Each structure stands twice: as structure tokens, then as C-alpha cells.
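Asker: Turn this into a model:
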Amino acid sequence: MINQTQLKLPDPERDHIQGAIDAPMALLEYGDYECPFCGEVQPIVREIQRRLGDDLCFAFRHFPLTNVHPHAEHAAEAAEGAGEQRAFWPMHEMLFANQGALDDRR
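Answerer: Down below sits the predicted model:
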């Protein structure tokens, strides 16, 4: 049996969370804004959230794979900057919706 201290549970000090931290179910996504597979899963995550409602705590944790996605770390930094302005989730959605436009040009 796995002990809860061994699991990587959502952490409000570390993760961006939607839903109650004490919800009966938790979904923790390790994500990379430039990863096409992470982008494809976003509608599925939204549907899971819609179906489970208040029974789900959804958390996002940055995991940029910089060796294959050169813009992923800067995208994560942009999301964190938006989070400082209480706009993490809108930026999160925008970054995934515009994965093909991530670059470092100003």
C-alpha cells in the first residue's frame, strides 16, 4: 500500500490549483506549454473538471522539457508572471491555445 507521504499530492504552496484542496479526488498535471501531448490533453482535463465538479482538485505543476522544447521554460515563466497578477489560469489557457506561436522574439 502506498503511503500518502510518498505521493506527490497537490501543494498550494507550489502548484496552481482549481477546486478545493480537500476535494475527494485530485488530478495533478505535470505540464510543458510547448509539448503537443500536453496541449492535446487540455480539453480532456476541462471535461474531467466539468464532470467531477466540486469533487475534484486540479493542480498544474510546471515541467518544461527544455532539451526538446526550447520555449517551454520561458512560457512557464510567463505563466508565473501572470500568476503574480492573479491571472495564471487565463495565461495557462492562452499558452496552450497558442503553442505554435511560442518564441522568444519581442
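Asker: Give me the contacts around stretch 97-106.
Answerer: Applying C-beta atoms under 8 Å, 6 or more residues apart in numbering, the external contacts of stretch 97-106 come out as Tyr33, Glu34, Pro36, Gly39, His71, Ala72, His74, Ala75, Leu95. Every residue, glycine included, has its C-beta placed from N, CA and C.
Asker: Which of these fall in helices?
Answerer: Those of those mapping onto helices are Pro36, Gly39, Ala72, His74, Ala75, Leu95, per DSSP state H.
Asker: From these, pick the one nearest Phe63.
Answerer: Ala72 (8.7 Å; C-beta to C-beta).
Asker: Would you list the buried entries among the contacts of stretch 97-106?
Answerer: Tyr33, Glu34, Gly39, His71, Ala72, His74, Ala75, Leu95 (16 or more other C-beta atoms under 10 Å).
Asker: Make JSON lines from those residues and add distance to Pro12 to it.
Answerer: Converted to JSON lines, the buried ones among the contacts of stretch 97-106 look like this (distance: C-beta to C-beta, whole Å):
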{"residue": "Tyr33", "distance to Pro12": "21"}
{"residue": "Glu34", "distance to Pro12": "26"}
{"residue": "Gly39", "distance to Pro12": "25"}
{"residue": "His71", "distance to Pro12": "28"}
{"residue": "Ala72", "distance to Pro12": "24"}
{"residue": "His74", "distance to Pro12": "25"}
{"residue": "Ala75", "distance to Pro12": "22"}
{"residue": "Leu95", "distance to Pro12": "21"}
